[in-house]
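**Student:** Next come a sequence and a model predicted from it.
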Amino acid sequence: MQRYETAYSDRPEQVRAVAWLAERVGAGARVLDVGCGSGVPTARQLVDTGMQVVGIDISPAMVSAACAAVPEAVFHNCDVLDFAESGFDGAVAFFSLLMLSRSDISRALSVLRGAIEPGGYLLLSMVEADLDDAPVKFLDTDVRVSGYHREDLHRVVEQAGFVVLETKVVSYIPAIDPADPEIHLYVFAQRPVQG
């Protein structure tokens, strides 16, 4: 966990995305943080802007860390595919869905559409890559990840019932040595008011 936080602690585009959401939903809004990790920086930033935050993560250790770091929020040890709450004004999934297969990403987006109220927002980020449940080495750990090219991610989000408002493409270099640049995709989407 510490190595990940060191490598990815400075993501200004993610901070700007949360600020974008805060401007649109306002203080008091309910926001779901999918794959909340340690709660920092996202859940902390959401709470600090006056939002009611519910975070979910499949790692009990991450949920424990998030509870300690952001006691004002509510955290659950839960897989997004099993999440059943609704009534959220927005949801963020920063680099969490990439740990799923493409078919499960589609299922997760459907779950999130059901969790978000009509007119609510979804912010999603992934690493741009043409992968489906592929084995990769990440911070010396074997993991399986999925990704899309930007046009394909746009299509997948729209097929789940969202309107894509904007996609930002950002080159990012993790703070580890050696590190190759990654292309991060940030999708800003909205559940239509009708439908």
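**Tutor:** Arrived safely, thanks for sending.
**Student:** I'd like to know how many residues surround V157.
**Tutor:** Applying other Cβ atoms under 10 Å, we find 24 residues neighbouring V157. C-beta: built from backbone N, CA, C; applies to glycine.
**Student:** What values do phi and psi take at it?
**Tutor:** phi -70, psi -40 (degrees, to the nearest 10).
**Student:** now do V74
**Tutor:** Torsion angles, degrees, to the nearest 10, at V74: phi -110, psi 130.
**Student:** got a list of what it touches?
**Tutor:** Contacts for V74 (Cβ atoms under 8 Å, 6 or more residues apart in numbering) come out as 53-55.
**Student:** most neighbours, which of those?
**Tutor:** The member of the contacts of V74 that has the most neighbours, counting by other Cβ under 10 Å, is G55 with 28 neighbours.
**Student:** Let me see the residues that make contact with the helix or strand hosting that one.
**Tutor:** G55 is part of strand 52-57, with elements assigned from DSSP states H and E. Residues from elsewhere that reach strand 52-57, judged by Cβ under 8 Å, 6+ apart: 28-37, 39, 43, 46-47, 63, 66, 70, 72-80, 83, 85, 88, 96.
**Student:** just the buried members of the residues you listed?
**Tutor:** The neighbour-count test (16 or more other Cβ atoms under 10 Å) marks 29-37, 39, 43, 46-47, 63, 66, 70, 73, 75, 78, 80, 83, 88, 96 as buried among the contacts of strand 52-57.
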